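Trainee: got a sequence here, can you build the structure:
(one chain, ligands or ions: 2)
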Amino acid sequence: MKNKYSGKCLCGAVTYEADGQPIIVAQCHCDECRRLSGTGHTVGAMFPSKVVTLKGTLRKFEYVSGKSTEVLKAFCAQCGSPIYGTNSRTPNHLTLTLGSMDDAKELDIQVVIFERDKQHWDQLGLDVMSFATQPDWKPED
Ligand SMILES: [Zn+2]
Ligand SMILES: [Zn+2]
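Mentor: Residues are numbered from 1 along each chain as shown. Ligands and ions are numbered 1, 2, ... in the order given. Sure thing, here's the model as predicted:
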């Protein structure tokens, strides 16, 4: 197993390293995660805050969750990529977005939360066509 996870935002201005293994890897379908991600869910790996080193300029957005806890989401100030979140329910911990990691091949989702809020379009049917890369298709003018 790896004992260090690194990651970066889309533009590369924000980078991070986390030592050791995540405490848990969770997929969340809550309303806030849906809007934050622009898609059906987020996937995050929770680490003790003290093992994570972040570099670069982050912008932060705070709100009160449906469970009355204080939530903070941190994004790259330049490109807007979501990097991590914290929740006052679990102080001294932060959750890094799995999509920002350079190599998360060894990690698997261990739990799905807010499953009741999962959108019907956020799961694939067997009849969905898939392409290895971008297909040549374009909309007709
Ligand atoms: Zn960036
Ligand atoms: Zn959520």
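
Trainee: flag every buried residue along the helix or strand of the chain with the lowest mean pLDDT.
Mentor: Lowest on mean pLDDT, DSSP states H and E among the helices and strands of the chain sits helix 31-37, with a mean of 94. Of the residues in helix 31-37, those with enough neighbours to count as buried (16 or more other C-beta atoms under 10 Å) are 32, 33, 34, 36. Where C-beta positions appear, they are placed from N, C-alpha and C, glycine not excepted.

Trainee: in the helix or strand following that helix, which residues are buried?
Mentor: Downstream of helix 31-37, the next assigned helix or strand under DSSP states H and E is strand 42-48. Residues of strand 42-48 classed as buried: 42, 43, 44, 45, 46, 47 (neighbour count, 16+ other C-beta under 10 Å).

Trainee: how near is the last one to residue 18?
Mentor: Right, residue 47. According to C-beta to C-beta, to the nearest Å, residue 47 and residue 18 sit 5 Å apart.

Trainee: give the residues shared as contacts by those two.
Mentor: Residues touching both residue 47 and residue 18 by C-beta atoms under 8 Å, 6 or more residues apart in numbering: residue 96.

Trainee: what sits closest to the residue positioned nearest the centre of the chain if chain neighbours are left out?
Mentor: Nearest to the geometric centre of the chain sits residue 97, at 2.7 Å (C-alpha atoms, centre = their mean). Closest residue to residue 97 apart from its sequence neighbours, by C-beta to C-beta, 6 or more residues apart in numbering: residue 82 at 5.1 Å.
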